[in-house]
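1. Quick one, structure for this:
(chains A, B, C and D)
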Protein chains: 2
Amino acid sequence: MAEERAVGTPVLRRLNTAAVLRAVRGCAPEPVRLAELVRLTGLTRPTVGQAVDDLVGAGWLQQHDPAATSPQGGRPAVRVSLRGRAAPVLGLDVGPHTVSTGIDDLAAHRLAAVRLPVGDTGAGRLLGVVDEAVGRALAEAALGADEIAAVVVATPGIVDPASGRILLAPSVPGWTAVNLSEHLRGRFGCPVRVENDANLAALAVAGERSGAGTLLAVQWGERLGAGVVIDGRLHRGTGAAGEIGFIRPPGEFPDTGDGRGPLERAVGAEAITERARRAARDRPGSALRSGRLDAPAVFTAAAGGDEAAVEVVDAVAAAFAHAIAPAVLVLAPDAVVIGGGVARAGSVLLTAITRHLEGLTLTPPAVEFSGLAEDTVLTGALRLALDEVWGRLPV
Amino acid sequence: MAEERAVGTPVLRRLNTAAVLRAVRGCAPEPVRLAELVRLTGLTRPTVGQAVDDLVGAGWLQQHDPAATSPQGGRPAVRVSLRGRAAPVLGLDVGPHTVSTGIDDLAAHRLAAVRLPVGDTGAGRLLGVVDEAVGRALAEAALGADEIAAVVVATPGIVDPASGRILLAPSVPGWTAVNLSEHLRGRFGCPVRVENDANLAALAVAGERSGAGTLLAVQWGERLGAGVVIDGRLHRGTGAAGEIGFIRPPGEFPDTGDGRGPLERAVGAEAITERARRAARDRPGSALRSGRLDAPAVFTAAAGGDEAAVEVVDAVAAAFAHAIAPAVLVLAPDAVVIGGGVARAGSVLLTAITRHLEGLTLTPPAVEFSGLAEDTVLTGALRLALDEVWGRLPV
DNA sequence: GGGGGTTTGTTAAAGTCCTTGAAATACCGG
DNA sequence: CCGGTATTTCAAGGACTTTAACAAACCCCC
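-> Below is the predicted model:
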């Protein structure tokens, strides 16, 4: 049955202490006056005082000198702020070419950031690079592995929610055989969560926007992935949610044998280049025939009005819009945010996608580019780790 | 900022009383011994006693005679149960042909059920039928309109979550002009919520299954709609979530001018009949040429091995699978449950859809028929209304 | 330099609630 | 009529928050 927890008076203390801690977090990174906390939490002065004493004692908060800033005449206020090092979290983005890791403190301050290239692909080698990146980051933050409060790892492929095992990762050969979460759990004494990279990127994108609402965040580069964030929380479904790369768009796109999905073969960065190459063949005057031909070049040419490039962009936008339209109809997201390499395409692609989606959906979502840079996935991993820590407020 | 509620000792009482009430609900409709509640809630005897006294005083619980059932030797236990009439809820399913209404008590006991046909279509007339159905149901349950604690109305079309206005309802001409929620709010003193009918059906289907997980519940008849339920909660998105009828499947399906979406024109019950008619034309021996030709007949013929019928069913299944595959990839639901008229098709359709989905998705969901009967939508409306009441436990 | 004003911190008493443990109650079977 | 059993009732004790009054520290201004 619904085994409810017994509720005695001590629970009140827990609740109030947690409320105070959250209030302090809401003001981070600024130190807060206790009187301000009274106003924020609605609790009374003695209660807040008690809670703050407890939190300082447990290492969650640090007291500041009353010396600084005395705004109005009156007794100098005690000011407290988050003691970030109380529960630092580690994020890890394991990609086929690069391993990025970062350490954030409780207040989301970056304590360390390390990025290492992966020379030759190979799962065993990758694990070594992961270890080295983690070691360097810990050294940079001057922390021991046992001090880390939560670890979140981003990896391509599908992750089993329960075990953290990687079930499918076409882009890293042999990667599914490695039990990454097991490996890291041995090194850290805290929960280690492995999550799909596109999902974490979605979380990062959602963090940039307002909390509520539904978001479909697409990562669009050579490969395509997406994450669904509903009211600030990641939607995982049975585990493989957001795998838009395997949507089958109209038309035939032969299997490339490298594990890519149909949509990736149709509108991935490489496919865009290939489309442009074919389009340029029939257009002697096209800008696509001169200079280096890659996806950015196609978008630049389209922005300049080059007919062949515009056609390519429109075809790509149409294929993408048709592919995601059913999902947009079912989810009715507030926005579709596009990140990854293609996000640097400029507005040509955006407007085309918007136009096509308008004809295919009932309440067309806003279509936007993500403003986040290369470390989107890492940001999302750290964000999820922080959420995890804040979720189990161990006051 | 995060305006936290002040937490004093009285809050404890609220919490515990609510826990007791939930525990009683968990045992409904059976009366519960107080000692049992102590075990269920983990609270102590005096606390439970206090809470029960409060709840009986407020009318939420009713005490039973100790006369009945004395299982073991010992002092007869005080037994309490939900006083259903404390907060009855009213559900309303407004369809183009029928208006159904029902009243449930707190324990989800049906107190009244009224179903009225709508003679001629027309928004004004429909409103009159709604009023009559509500009036009859109230009379049947011997309740006044002011005693109802929550009202949920199911309507076709897209509903604005904020105002409750109907934004788009192709199947009922003029229906968007009627402010249904305003009309009912004038009659009831409680919250009135208007919700898309397919969404409510989804909620009902989810209620039949275990609580957690992601569910895509499709209503498949002349028209197609769906609802998304995630961990027991309805996903609305911007308001139009689940409108799968407007997915555009491959192939051309001319606009019929009655507001139907492309997928409805491709695989709706009527489209199935039309497909069968065309298939039968070329097959002199087909079972489809004899007898009445409608969707059930097609499925029956396919189950019997009729070649033309099998082809039709397979084509329909393929179109449906292709249409929802992108949504399945993005959502990764545990199950796709199909209700509505087509759900009585038998397993021919199911297996065909399952087969096609397996090739189109990474983690194919279970595809099932809903076991619920005609009043699925009404059940969902009542369920949501009850959730609403239980959500704002006004202890 | 001293007093008023202001803001904040401190402390003790009171109130509310939950818990503990012992005693009382009510029914059964023999 | 008497133990046995399960439940209820009652009173004392402990934990927490609140209220309210008081003390501290700083500013400004005369």
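2. ok now the helix or strand that contains A:Glu36, how far from the chain's centre?
-> Per DSSP states H and E: A:Glu36 is located in helix A:34-41. The gap between where helix A:34-41 is centred and where its chain is centred comes out at 32 Å by CA atoms, centre = their mean, to the nearest Å.
3. Could I get the contacting residues of A:Val38?
-> A:44-45, A:48 (CB atoms under 8 Å, 6 or more residues apart in numbering or on different chains). Any C-beta I mention is one placed from the backbone N, CA and C, and that applies to glycine too.
4. now it: how far from chain B?
-> 10 Å (CB to the nearest CB, to the nearest Å).
5. quick one: pLDDT of that residue?
-> Listed pLDDT for A:Val38 reads 93.
6. check which helix or strand covers A:Ala317.
-> helix A:307-331.
7. could you say what helices and strands that helix packs with?
-> In this structure, helix A:307-331 makes packing contacts with strand A:214-220, helix A:262-267, helix A:269-281, helix A:295-303, helix A:347-360, strand B:224-230, helix B:307-331, judged by 3 or more CB pairs under 8 Å, 6 or more residues apart in numbering or on different chains; DSSP states H and E.
8. Next, the angle helix B:307-331 makes with that helix.
-> 90 degrees (axes from the mean of the first three to the mean of the last three CA atoms, to 10 degrees).
9. Buried by neighbour count: which residues of helix A:307-331 qualify?
-> Across helix A:307-331, burial judged by 16 or more other CB atoms under 10 Å in any protein chain shown covers A:308-331.
10. re earlier: most neighbours among the contacts of A:Val38, which one is it?
-> Within these, most neighbours by other CB atoms under 10 Å in any protein chain shown means A:Val48, with 24 neighbours.
11. helix, strand or coil for the residue in the stretch 51-200 of chain A that DNA strand D sits nearest to?
-> Nearest residue of the stretch 51-200 of chain A to DNA strand D (CB to the nearest atom of the strand) works out as A:Gly73 at 3.0 Å. The assignment at A:Gly73 comes out as coil when based on DSSP: H, G, I helix; E, B strand; the rest coil.
12. Sketch out the helices for the stretch 1-150 of chain A, chain order is fine.
-> A:9-27, A:34-41, A:45-58, A:123-141 (DSSP state H, counting those that start in this stretch).
13. okay if I get these as CSV plus distance to DNA strand D?
-> Shown next, in CSV, are the helices of the stretch 1-150 of chain A (distance: least, CB to the nearest atom of the strand, whole Å):
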stretch, distance to DNA strand D
helix A:9-27, 4
helix A:34-41, 9
helix A:45-58, 4
helix A:123-141, 34
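14. got JSON lines for those, with distance to B:Ala154 too?
-> What follows is the helices of the stretch 1-150 of chain A, written out as JSON lines (distance: least, CB to CB, whole Å):
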{"stretch": "helix A:9-27", "distance to B:Ala154": "38"}
{"stretch": "helix A:34-41", "distance to B:Ala154": "41"}
{"stretch": "helix A:45-58", "distance to B:Ala154": "46"}
{"stretch": "helix A:123-141", "distance to B:Ala154": "52"}
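15. any idea how far A:Pro333 lies from chain B?
-> From A:Pro333 to chain B the distance is 6 Å (CB to the nearest CB).
16. How about the residues of the stretch 201-350 of chain A by chain B?
-> A:213-214, A:216, A:226, A:228, A:230, A:235-244, A:246-248, A:250, A:322-327, A:329-334 (CB under 8 Å from any CB of the partner chain).
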